[in-house]
Structure formats: structure tokens, C-alpha cells
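Participant: sequence below, structure please.
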Amino acid sequence: MQEDLNLQGNELNYFTTTFNVAYCVMLIPSQIIMTYVRPSFWLSGLEIAWGVMTGLMAMVTSAKQVYIIRVFLGLCESSAWPGMMTLFMHWYTPTELAKRMGFYHSCQAIGTMMSGALQAAIMSTLDGHHGLAGWRWLFVINAIITVVWGSLGFVSHSTNFRKKGAKTERPSQMMLPDYPNKPNPRAFWFNRNHGELSMARLVRHNRAEPKPISLAAVKRTFSGWTVYFVAVLYISTVLASYGYVYFSLFLKAMKLPDGSRRWTVEEVNVIPIGGSAINVLFGKTSGCI
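Facilitator: Predicted coordinates for the structure are as follows:
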């Protein structure tokens, strides 16, 4: 991608910056919207838009186009992690949350591992296929996967079946359960007892019932010290681990004495998988502890 688009200097850093700025801008509004719009609609819609933007990355011809798409990717992705954490907190008790969140983070690391393996496979098999460079195929395939799974959040399938000669339509089946006090009526694996049980569990643990956010809630949130303390800790954690994000660039920059590359493109994508594997192990272990 760097060579095809003739990227120079700090443009990759700026790609990341534009994404993060858009992510920060949309983060709080997205969480507010989730209190008024069903997560099964909001999160799924953003996932599909995210996939479309990812597909458009396969068509870019300049850094300016990448900047624009990265802004929209940041806007769409801003609700993914906090949105799922919000659902977790409404369905699980405090003693159950750590394991579920640890498992969720482990799955993210597994996704990174699979992405590295997928990139290596694409570069070795599809590079130049139908006139598309391997890195462009990567965005195409990722876009297809993302749009398909985002669509499953809306509807997995609708089935017609007959019983004693009468035609009955089974409602569309949806994958996200929404909130316990306002469950998704189209979630085929969900029933009313699940919601009632979850609401009773929230009451036992002094957890507030899910409801639309108000101005008073916003003032209460930002008037305490906790939100600022957690923000500082989280920023520090991200900064401490961010070097790993650029590990593949470090591998790519390594040269042999004759000036040739030390690692092939496939190896640059495969080697970081080890780091993600460690992430999976410690993410799951910390959740269990």
C-alpha cells in the first residue's frame, strides 16, 4: 500500500490520527443514541457502514482519499467496543463481567491473529489477481465479512413453513438481544423469562434499569472524579501498548547487509501473530482472576 499510493513521511500516523479524532468525536453521541435506538439496529447499521467504508479502501488512489475514508471508519467504529460493553453491563452481574469482558478482548486478539494469517494468505495467492494488488484484496475480503456479519445483526433469515395445511410465517430472527427491559422481539433464541431474570439480577446488585440518558445523568457523570481517573488510566494503557501496532512496520524496515528486506511480506504479517497469542492468553487469564 505504501508503494502503490506513494505514501511519504508521517502519512500513516496521520491516517491513524484522523481515525482516532473521528472516533472520539462520535463516541459519546453514539452512546447517547444507543439509549434511544435499539442496539440491534444502531450497532448493526454502523457495522454495515463500517464494512462499506472498508471496501472503499480497496479503490483509493491517493492519501487524501484514505484520510476521508478513515474519518468515516472512525465514526462508524466508535460504538463497537463501548456499545458491546454497555450491553454486557446490562446483562451480567459485576462478578460475571470480568470473565465476559476478558473473553471479548481475547476474541479481538484472535481476530488480529486471523487477520495476520489472512493477509499472508492473500498476499501469496491473490496478489495481482484480476489486476488488484494483494492489499486491495484484503480490504475487499474484510468488507465482505464485515457486511455479512453486520447484516446478521438485523436479520439472519426469515422462514415460511406449513403446519396442518396452514401457512405460518416465522418472524425474522435477529442476533442482538437489546436491553433486558426492552428485549429484541425478533431474537429467536430469547424469551420473556430471560429479560425478567436479568432485570431481577440488576435489582439485586443495585444496578439502574436501562433508560434513555438525560441531562441530569450527564452532569452526574462528569461531576465525579471517577470518569477522569479512568480516562487517564485508559489513555496510559493505550500509549503503553501502541508500539505493538507499528511492529509490522519495524519488521518491514529491517534490512540485510546487502540492502534487501530481512522479512518477506508474508512473514511481516505472520510474525506478529505471536504477540496476539500472548494477548489472548493474558486477556482470558485476567478475566478469570
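
Participant: report how many residues lie close to the nearest residue to residue 279 once chain neighbours are set aside.
Facilitator: Nearest non-adjacent residue to residue 279, counting by Cβ to Cβ, 6 or more residues apart in numbering: residue 109, 3.8 Å away. Bear in mind the C-beta positions are built from the backbone N, C-alpha and C, glycine included. For residue 109, the count of nearby residues is 20 (other Cβ atoms under 10 Å).

Participant: same question for residue 266.
Facilitator: By other Cβ under 10 Å, 18 other residues sit near residue 266.

Participant: now it: how far from residue 125?
Facilitator: 10 Å (Cβ to Cβ, to the nearest Å).

Participant: now the longest helix seen in the chain: average pLDDT?
Facilitator: Taking DSSP state H as the criterion, the chain has its longest helix at helix 94-125. Helix 94-125 shows an average pLDDT of 83 in the prediction.

Participant: counting by contacts, list what that helix packs against.
Facilitator: Judged by 3 or more Cβ pairs under 8 Å, 6 or more residues apart in numbering; DSSP states H and E, helix 94-125 is in contact with helix 80-91, helix 134-154, helix 265-270, helix 273-288.

Participant: list the contacts for the residue positioned nearest the centre of the chain?
Facilitator: In the chain, the C-alpha nearest the mean C-alpha coordinate belongs to residue 80, at 4.8 Å (Cα atoms, centre = their mean). By Cβ atoms under 8 Å, 6 or more residues apart in numbering, the contact list for residue 80 reads 43, 46-47, 50.

Participant: which one of those is nearest residue 274?
Facilitator: residue 50 (27.6 Å; Cβ to Cβ).

Participant: what is the burial count for that closest one?
Facilitator: Residue 50 has 23 nearby residues by other Cβ under 10 Å.

Participant: and what of the one 3 residues further on?
Facilitator: As a burial measure, the neighbour count of residue 53 was computed by other Cβ under 10 Å and equals 22.

Participant: correct me if wrong: residue 75 contacts residue 25.
Facilitator: Yes: taking Cβ atoms under 8 Å as the definition, residue 75 is a contact partner of residue 25 at 7.4 Å.

Participant: and these two? which has more neighbours close in?
Facilitator: Shown here are residue 75 and residue 25; by other Cβ under 10 Å, residue 75 has more neighbours (21 against 14).

Participant: how near is the residue nearest to residue 279 to residue 246?
Facilitator: 17 Å.

Participant: what of residue 254?
Facilitator: Distance from residue 254 to residue 246, by Cβ to Cβ: 13 Å.
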